[in-house]
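Enquirer: give me a model of this one.
(2 chains)
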Amino acid sequence: MSKQLIKLRVNGEQYELAVPPNKLLLDVLREDLGLTGTKRGCDDSSCGACSVLVDGVPMLACVALAASYQDCELTTVEGLGTLDALHPVQSSWGDAGGAQCGFCTSGFLISTKALLDRNPHPSLDEIREALSANLCRCTGYMQIYESVKLAIERAAAAKAAGAGS
Amino acid sequence: MAQHSIIGKPLAMIESGAKVTGLGKYADDLSVPGMLIGRILHSPHAHAVIRSIDSSAAEALPGVKAVATGKDAPRPYGILPIGHDECVFTKDKARYIGDNVAAVAATSAEIAEQALDLLRVDYEVLPAWFDPLLSTEAAEHWLFADKPRNIEKEYHHNFGSVDEGFAQAAFVREQRYFAGEVNHAAMEPHSTLAIWEPDGRLTVHSSTQVPYYLHRTLAEVLEMPMSQIRVIKPLIGGGFGGKSEVIPIEIAAGVLAKKAKRPVKITYTREEVFLAHRGRPITVVDMKVGLTRDGKITAVAARVVQDGGAYCGYGPVTVLYSGALLGALYDIPNVRYDGFRVLTNKPACGAMRGHGTVNVRFAFESMLDDLAREAGLDPAEVRRRNLLKAPCITVNGLRVTSYGLPECIEKVVERSGWNAKRGKLPYGKGIGIACSHYVSGAANPIIRSNIPHTTVHIKIDRDAAVTVFTGASEIGQGSDTMHVQIAAEILGVRPARIKLVAADTELTPIDLGSYSSRVTFMAGNACLEAAKNMRAQILEAIAAKYKMDPALLDIRDDNVISLDDSRLHIAFDDAIATALEFRGALVAKGTYAPPEEARGGKHKGAGVGPSPSYSYSAQTVEVSVDTETGQVRVEKIIAAHDCGRALNPLTVEGQVEGSVYMGLGQALQEEMVWDNGRLMNPSLLEYKIATTLETPEIESIIVESIDPEGPFGAKEAGEGSLAATIPAVANAIYDAVGVRINSLPITPEKVLAALRVGASFSSPSSSCSSRGSDGGAK
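Expert: You can find the predicted model right below:
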């Protein structure tokens, strides 16, 4: 299939790429942009490991054609924070055991970021509901909930510190 | 050691930054210039002679750089020395739908897939065997000519006097139990990047739990010296046993890279992960247990048939574990075991979390519950009345050095409110209890030798960084962090000073791999020894320079200090400079080999089961059963696990909860469904692992029995809890609605059927035959 020139905005960066019109967003992120933090864990949109934010809404990159998302603001796990300045969901995932093997982690972080952006103080049931499209085979989800709770505390503490200064 | 500064404290995994930022690299994240993409051609037939393969059209397709078939890698291999029965591309015949027939490497995935379509394979379809109970009656068309009646292996063990034991029992029960087949379903599909180096060497980055065995096998199959091959394990997205033997993809990538003289990457689709499989086999357990009136177990006899699929794999080990740990959780004087590993035309089974122990534990703990009821005893109390008295040797020769099971039982009984709930909850609600145990590594290696099971090197140079070299494999369980904790604790430095180099066969010494829960005990002990050795070298140098007794020196908080007074206080960096002047180089090693007395008895098959130490678990499960639909909802699970000592409580809790989660999946919802050898649910959409919505609250309780030989007293934490969950669920269902389900998974259909007849549901034969048992060609 002949290639098509597309423009994507990912993690605040503008990219111009020549890709086949049937190329999946997941493959463009991983192969063309080198953003391999977004993972492929299944063949059929069942695992959630490829979740990315499209204008702040979590979506599966494995069932999205890259060419269809040219006017959107895309965020991958690489856009959440940096090693020097981790987003609260990132630091809490490490500190509270949310990441064991880590393969599902980026998908969970994306779903959690979206949840906390629209609901900064979710109940446990709301957390479970929001994360129900992401599969984790390692944790039994308990330490994932702990990680979310810690992220909420840290975000609140950061906000309070910001307000105080 | 009295006071620890790092051991026993919750510590984030050292690689968590790489994982939460997406910067860490798993095998499929790697790419190198000139890299080709490989794809594998799988057999569409369950059993078929391969008459010929015409690859000319595929080879002629522009962009195709290599096509490989059986003749390109004819040497058979297998994880066990007695089981070298598979070739990377089968040479003579295909033995299951999905068997590996050929592979292609091309400049793009699309071209590789087109090339697969151009391969012409002439198959002669044979009758196939799908049911393990019927497969052994086959008069012809065996999977292997030298495996009559499709029996891979059988073992018969008899300890004590089982018949006398049953004669002494007041209550004897016999029952058949069935367990469906389950897959590890690690989130990361297997992936391998094989790089043919300009100097004719091969570098392989692979999603493996066992870099050393992969290294060996690559050398054997590719007919290259091990010294010319380097295996590197990147981050691994979960293993659970599914990456604990050499998977065809790993050899296929090597064969293609060697042939094309180019780097080749192959990554499985999720469907291919299910076809590569190596999961927990369909198991039929005929269990018989005797109990005295006062609740003492007098004897156990079990006949176990495991449906091993098409190749040997770990099969003989799986069936031996089933027998070896059957009678070793409690004090049982008489144990008989007859185990059969059977070949069928389906993907090969192998090691999966709780290897071999899980399905027999389901049967035993279910039956113990029924016996307790028959005797009018509390099931928790029956378990208390059959405890071992450690240290001891079990009837089948397993050495038990520490035994936290009594405390595990007490903890879950107390925490769950067992005494107030058992038998007293309203109809439809129930509570169950069960126990389990597991090895902390195998005391005998797969390939018998006197080489240590693990070696760890430590070096410190002028930068005063402590570099720990270990062959042990981090697969998400905390191996890397465990090494850092132990080295930092002994050397008295911050964890940040430790640089870990792991699982790279060119740099790191031998470790047998991440399986049988061996890493903390074995690699941990080797790391402990290496760190102590290094500490001694540093302190001896300082003592020599300052003319002091090294026994009066210590390293704490990155300083060498004297213990008798505060006279000496040297920063670690300066201490290292002194030590280098004194010794020239600072290198240390530690090794671990299990002690002779931990290696078990002398009977045939005695090599499997012995471990330097065993973990123990007790669990309570509370359920609600919807009597209209048969739906079981698990309300809460409390799991107490004796891990010896929790080096990192955060990780131990995560391992216990993850084990419970995986056991719960097998208990209620996971099963590979077959139709005449074709897997009907090879995707995560249809093979249902539990989401957040189906997973109940799991509470983990750490029990520390302080094993005398474990590093700081530690033993395994990652597998032992799985097996208790399943019977605890079954027992809770009985408590709730009075029906006994003897068949896994416990689906609403089975519960409803049992409720309708008001008794028990167990129809192993129907479950087996639903897989197709016609023995005919398809």
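Enquirer: would you put the C-alpha positions of stretch B:524-536 in CSV?
Expert: The C-alpha atoms that make up stretch B:524-536 are tabulated as CSV, following Å, rounded to 0.1, in the frame of the first residue of the first chain:
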residue,chain,number,x,y,z
GLY,B,524,20.4,-14.8,47.4
ASN,B,525,22.7,-17.1,49.2
ALA,B,526,25.4,-16.7,46.5
CYS,B,527,25.1,-12.9,46.7
LEU,B,528,25.3,-13.0,50.4
GLU,B,529,28.5,-15.1,50.3
ALA,B,530,30.0,-12.8,47.7
ALA,B,531,29.2,-9.7,49.6
LYS,B,532,30.6,-11.1,52.9
ASN,B,533,33.7,-12.0,51.0
MET,B,534,34.0,-8.5,49.6
ARG,B,535,33.3,-7.0,53.0
ALA,B,536,36.1,-9.1,54.5
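Enquirer: flag every buried residue along that stretch.
Expert: Under the neighbour-count criterion of 16 or more other C-beta atoms under 10 Å in any protein chain shown, stretch B:524-536 has B:524-531, B:533-535 buried. Every residue, glycine included, has its C-beta placed from N, CA and C.
Enquirer: for the chain, what are the low-confidence residue spans?
Expert: Because you didn't say which chain, this covers chain A. Low-confidence segments of chain A (pLDDT under 70): A:164-165.
Enquirer: let me rephrase: I mean chain B.
Expert: B:1-2, B:566, B:759-778.
Enquirer: so where's the longest helix in it?
Expert: helix B:524-546 (DSSP state H).
Enquirer: got it, and chain A?
Expert: Longest helix in chain A, counting by DSSP H: helix A:142-164.
Enquirer: that helix packs against which elements?
Expert: The helices and strands touching helix A:142-164, judged by 3 or more C-beta pairs under 8 Å, 6 or more residues apart in numbering or on different chains; DSSP states H and E, are helix A:88-95, helix A:105-118, helix A:124-130, helix B:649-668, strand B:697-703.
Enquirer: partner strands of the helix or strand just after the longest one, parallel or antiparallel?
Expert: The one in question is helix B:649-668. Later in the chain than helix B:649-668, the nearest helix or strand by DSSP states H and E is strand B:674-675. Note on strand B:674-675: by DSSP bridges, its sheet partners are strand B:678-679 (antiparallel).
Enquirer: ok so, going back, can I get the buried residues of stretch B:524-536 in JSON lines with distance to chain A?
Expert: Compiled in JSON lines, those are given as follows (distance: C-beta to the nearest C-beta, whole Å):
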{"residue": "B:524", "distance to chain A": "18"}
{"residue": "B:525", "distance to chain A": "23"}
{"residue": "B:526", "distance to chain A": "23"}
{"residue": "B:527", "distance to chain A": "21"}
{"residue": "B:528", "distance to chain A": "24"}
{"residue": "B:529", "distance to chain A": "27"}
{"residue": "B:530", "distance to chain A": "26"}
{"residue": "B:531", "distance to chain A": "25"}
{"residue": "B:533", "distance to chain A": "31"}
{"residue": "B:534", "distance to chain A": "28"}
{"residue": "B:535", "distance to chain A": "29"}
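Enquirer: including distance to residue A:138, could those residues go into a markdown table?
Expert: As requested, the buried residues of stretch B:524-536 are exported to a markdown table (distance: C-beta to C-beta, whole Å):
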| residue | distance to residue A:138 |
| --- | --- |
| B:524 | 20 |
| B:525 | 25 |
| B:526 | 25 |
| B:527 | 23 |
| B:528 | 26 |
| B:529 | 30 |
| B:530 | 29 |
| B:531 | 28 |
| B:533 | 34 |
| B:534 | 33 |
| B:535 | 34 |
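Enquirer: point out the residues in the stretch 1-150 of chain B that sit beside chain A.
Expert: Contacts of the stretch 1-150 of chain B with chain A, taken as C-beta under 8 Å from any C-beta of the partner chain, map to B:12-13, B:15-26, B:28-29, B:31.
Enquirer: list the buried residues in stretch A:29-47.
Expert: Buried-residue list, stretch A:29-47, by 16+ other C-beta under 10 Å: A:29-30, A:32-33, A:35-43, A:45-47.
Enquirer: do the same with stretch A:150-162
Expert: Within stretch A:150-162, the residues that count as buried by 16+ other C-beta under 10 Å are A:150-152, A:154-155.
Enquirer: with stretch B:162-181 instead?
Expert: By neighbour count on 16+ other C-beta under 10 Å, the buried set for stretch B:162-181 is B:162, B:165-166, B:168-169, B:171-173, B:175-181.
Enquirer: again with stretch B:677-687
Expert: Buried residues in stretch B:677-687, counted by 16+ other C-beta under 10 Å: B:677-679, B:681-684, B:687.
Enquirer: over to stretch B:270-287?
Expert: For stretch B:270-287, by 16+ other C-beta under 10 Å, it's B:270-287.
Enquirer: what residue in chain A comes nearest to chain B?
Expert: Residue nearest to chain B within chain A: residue A:37 (1.7 Å; C-beta to the nearest C-beta).
Enquirer: test my guess that that residue contacts residue B:19.
Expert: No - using C-beta atoms under 8 Å, residue A:37 is not in contact with residue B:19, being 9.2 Å away.
Enquirer: and which of the buried residues of stretch B:677-687 is nearest to residue B:439?
Expert: Using C-beta to C-beta, residue B:687 comes nearest to residue B:439 of those, at 27.8 Å.
Enquirer: do you know how far the closest one is from residue B:273?
Expert: Separation of residue B:687 from residue B:273 (C-beta to C-beta, to the nearest Å): 10 Å.
Enquirer: residue contacts, residue B:44?
Expert: Residues counted as contacts of residue B:44 (C-beta atoms under 8 Å, 6 or more residues apart in numbering or on different chains) are B:97, B:123.
Enquirer: let's see it at 10 Å
Expert: Residues in contact with residue B:44 (C-beta atoms under 10 Å, 6 or more residues apart in numbering or on different chains) are B:94, B:97-99, B:101, B:121, B:123, B:125, B:678, B:778.
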